[in-house]
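Student: got a predicted structure plus its sequence, pasted below:
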Amino acid sequence: MQATAACEDTDSDLYRALVDQAPDVIIFADRNGAIRVWNRGAETVFGHSAAEVLGESMDVIIPERLRKAHWDGFHKAVSSGQTKYRNQVLTTRSMHKDGRKLLRGAQLRPGERRQRHDRRFAGHRPRLYRPPPQGRRAVFGELREASRVTTRIPGFAAPTVGTEAPLEMLSACHGRIETQCATLRRLVPYLLAHGVDEEARTAATRVMHYFDTAAMHHHADEEDDLFPALIESMAGSDAICLREMIDGLKADHRALEASWRHLRDLLEGLAAGECVPLVADDVEALAVRYARHIEREEKELLPMAARLLSDDDLARIGRTMRERRGIDKA
């Protein structure tokens, strides 16, 4: 018994050291939302020491306007033992000790506590905050893997993020676009092997629907709402670099829309059951162009927006995003 206890103590010390020294941010909150684990990564990213936050509410890193949505989801997870997004990596908005807004990739999962042979829900497992930019490729990879389905040509099954968090929603849209581009890439060899069967027609129809609606909304969200808000936030300052970036992103949008129009004509034929050749080079032109565009927005645009825009700015953007999609009219 003494040997067993000693082993358990050693394991506990090892796990504690691994958590404390992990490069990711690891936070554990109990069933009441009080912080019980706060590792060195959390101290570095959020500015609070463990001594300052242990036993305190998670509100210390949650922007005020997002707290209600956070706690609604938290209490549902505590009650059910499950989270809405399971193991999916989401881009979430958080807050530094000095008030700076942060945009991070995060996982939120219910945790389990072992007591003898019983497994009991104990609150939330750690939130893992992985900072962009170099981590974005890994985040997208995890997101794609989490949303993979078992059909031969996977359709779209990505997490939903609401307009109450517009920057997170724009980032989530990037993941969905990558999923649709991946479907297009798989469709090229699939057609050669199977022809224009029902799965191919369904895939073509879904891709068309997404790019005709959600992708166009995404471009409008940025050009009509986000870009003007950023320029306004720099009023009275030298915003040459910002304007150059925005002009470049708008030019990307026009080039992407032109590439899409060319592919759409082919997909429309496939959706109708016609034997239309889908050329890999055409698909790659769209996919590679979107990948470069997304990378720039994730590295430069969204972090800048998180720093510069106020809660009121983001609330206005969220309202117009809802109006664009007819959500308020429902």
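Tutor: Here it is on my side, so go on.

Student: for this protein, where's the lowest mean pLDDT among helices and strands?
Tutor: When the helices and strands of the chain are compared on mean pLDDT, DSSP states H and E, strand 118-129 comes out lowest with a mean of 36.

Student: top helix in this protein by residue count?
Tutor: What stands out as the longest helix in the chain, according to DSSP state H, is helix 240-271.

Student: for it, packing partners?
Tutor: helix 198-212, helix 214-220, helix 227-233, helix 280-296 (3 or more CB pairs under 8 Å, 6 or more residues apart in numbering; DSSP states H and E). In this view, the C-beta of every residue, glycine as well, is placed from N, C-alpha and C.

Student: again, only this time at 10 Å
Tutor: With contacts taken as 3 or more CB pairs under 10 Å, 6 or more residues apart in numbering; DSSP states H and E, helix 240-271 sits against helix 166-194, helix 198-212, helix 214-220, helix 227-233, helix 280-296, helix 302-308.

Student: buried residues in that helix, which are they?
Tutor: 242, 245-246, 249, 252-253, 256, 259-260, 263-264, 266-267, 269-271 (16 or more other CB atoms under 10 Å).

Student: with stretch 210-217 instead?
Tutor: Within stretch 210-217, the residues that qualify as buried are Tyr210, Phe211, Ala215, counting by 16+ other CB under 10 Å.

Student: can you check stretch 168-185 too?
Tutor: Neighbour-count burial for stretch 168-185, counted by 16+ other CB under 10 Å, picks out 168-184.

Student: can you check stretch 183-202 too?
Tutor: Going by neighbour count (16+ other CB under 10 Å), the buried part of stretch 183-202 is Thr183, Leu184, Leu187, Val188, Tyr190, Leu191, Val196, Ala200, Arg201.

Student: any idea how far the first one is from Phe211?
Tutor: According to CB to CB, to the nearest Å, Thr183 and Phe211 sit 11 Å apart.

Student: check the fifth one too.
Tutor: Computed with CB to CB, the distance linking Tyr190 and Phe211 is 19 Å.

Student: if I pick Leu187, what's in contact with it?
Tutor: Ile153, Glu199, Ala200, Ala203, Ala204, Val207, Leu267, Leu270, Leu278, Ala280, Val283 (CB atoms under 10 Å, 6 or more residues apart in numbering).

Student: show me which pair in these is furthest apart.
Tutor: Glu199 and Ala280 (18.7 Å; CB to CB).

Student: so where is the stretch 201-330 of the chain shaky, pLDDT-wise?
Tutor: 236-238, 328-330 (pLDDT under 70).

Student: what's near enough to touch the nearest residue to Cys173 once chain neighbours are set aside?
Tutor: Setting aside the residues directly before and after it, Cys173 is nearest to His218 in space (CB to CB, 6 or more residues apart in numbering), at 4.7 Å. With contact taken as CB under 10 Å, 6+ apart, His218 is in contact with Met169, Leu170, Cys173, His174, Arg176, Ile177, Phe211, His253, Met321.

Student: need the residues you listed in a markdown table (columns: distance to Asp225).
Tutor: Below are those laid out as a markdown table (distance: CB to CB, whole Å):
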| residue | distance to Asp225 |
| --- | --- |
| Met169 | 11 |
| Leu170 | 10 |
| Cys173 | 13 |
| His174 | 16 |
| Arg176 | 19 |
| Ile177 | 18 |
| Phe211 | 20 |
| His253 | 14 |
| Met321 | 7 |
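
Student: what's the closest of those residues to Ser80?
Tutor: Looking across the contacts of His218 and measuring by CB to CB, the closest to Ser80 is Met169, at 24.2 Å.

Student: so the closest one touches Gly162, yeah?
Tutor: Yes. Here Met169 reaches Gly162: they are 6.8 Å apart, a contact under CB atoms under 10 Å.

Student: now the common contact residues for these two.
Tutor: Common neighbours of Met169 and Gly162 (CB under 10 Å, 6+ apart) are Gly318, Met321.

Student: which residues touch Lys250?
Tutor: His219, Glu222, Glu223, Phe227.

Student: what about these, which one has the most neighbours?
Tutor: Glu222 (22 neighbours; other CB atoms under 10 Å).

Student: does that one touch Leu301 like I think?
Tutor: Yes. If you go by CB under 10 Å, Glu222 and Leu301 touch, sitting 7.9 Å apart.

Student: tell me, what's touching those two both at once?
Tutor: Counting by CB under 10 Å, 6+ apart, the common neighbours of Glu222 and Leu301 are Leu170, Leu230, Ile246, Leu249.

Student: reformat those as TSV; add distance to His293.
Tutor: Listed next are these as TSV, based on distance: CB to CB, whole Å:
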residue	distance to His293
Leu170	12
Leu230	17
Ile246	13
Leu249	7
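
Student: between these, which is nearest Val60?
Tutor: Distance ranking of the shared contacts of Glu222 and Leu301 against Val60, using CB to CB, places Leu170 first at 25.7 Å.

Student: now do that closest one against Gly269, distance only.
Tutor: With distances taken as CB to CB, Leu170 is found 32 Å from Gly269.

Student: mind checking which of the helices and strands packed on helix 240-271 is nearest Met95?
Tutor: Distance to Met95, taken as CB to CB, is lowest for helix 302-308 among these, at 10.2 Å.
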